[in-house]
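Engineer: Using only what follows, build the 3D model:
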Amino acid sequence: MMIGTDSHTPNAGGLGMVAIGVGGADAVDVMADMPWELKMPKVIGVKLTGKLSGWTSSKDVILKVAGILTVKGGTGAIVEYFGSGARALSCTGKGTICNMGAEIGATTSTFGYDEAMSRYLKATDRSDVAALADSVAEHLTGDPECYANPQDYFDRVIEIDLSTLEPHINGPYTPDLAWPISKFAEAVKENDYPEKLEVGLIGSCTNSSYEDLTRLLLWPNRQKTKALR
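Structural biologist: Numbers count the residues shown, from 1 in each chain. Here you go, the predicted model:
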């Protein structure tokens, strides 16, 4: 568990942590070795199956979740992602998802420790940390029965098949207006949105990773219309 004074603290959920951002007063309690108190949060389980394909990215997972839960649906809750699809995501992808948990008001978001995290630690010159985590890996994730019968253990369960997940455009005006790319043109007409999409936020400190930014290098090599399809 980690307590931090930055809104990006939950990013560490992508490395198997329960990382919660707090204000200065709470941080002082922690630094002074006093108990840190929090109302017991609910736990929302997001079961991921399948694998991402095409232009779909990890960011589309949290955009889809935002569309389901709305900007307030995660308030007072920890969101835990699990399943074969969760294990198939990259470590930086998991970090992006956890970082953007703020968009649904979540206390924090997390993934269980897995091989993707171990590879990431080793690739970023932290093999010693990976070795320690690998030695206690079974304790850095949930108990198997929780995932076998999620309805019995989570307060709410959401299931997403990554194989059928499309790239999403969220908005305008609020991040929980989640439009799969195949439905976006229809949404523009029905809601009288501007027909010309002029600006798209690709990356920023709160909602992206270098994985998303590298896609910009690929974009000029494709016809835009084909990519949007």
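Engineer: When you work out contacts or count neighbours from here on, use the C-alpha atoms and nothing else.
Structural biologist: Noted.
Engineer: what number of residues lie near residue 93?
Structural biologist: 22 (other Cα atoms under 10 Å).
Engineer: That one sits in which helix or strand?
Structural biologist: Element membership of residue 93, judged by DSSP states H and E, is helix 91-99.
Engineer: So which other helices or strands are in contact with that helix?
Structural biologist: Applying 3 or more Cα pairs under 8 Å, 6 or more residues apart in numbering; DSSP states H and E, one finds that helix 91-99 contacts helix 58-69, strand 108-111, helix 115-123.
Engineer: Out of those, which gets nearest to residue 174?
Structural biologist: helix 58-69 (9.9 Å; Cα to Cα).
Engineer: Listing partners with orientation, what would you give for the next helix or strand after the closest one?
Structural biologist: Of the helices and strands lying after helix 58-69 in sequence (DSSP H and E), the nearest is strand 77-82. Strands that pair with strand 77-82, judged by DSSP bridges, come out as strand 42-49 (parallel), strand 108-111 (parallel).
Engineer: that older thread, now what about the helix holding residue 93, what contacts it?
Structural biologist: Here helix 91-99 makes contact (Cα atoms under 8 Å, 6 or more residues apart in numbering) with 8-15, 57-59, 61-62, 86, 108-111, 116-117, 120, 206-209, 211.
Engineer: And the buried ones among those residues, selectable in ChimeraX?
Structural biologist: Buried residues among those (16 or more other Cα atoms under 10 Å), as a ChimeraX selection:
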select :8,9,10,11,12,13,14,15,57,58,59,61,62,86,108,109,110,111,116,117,120,206,207,208,209
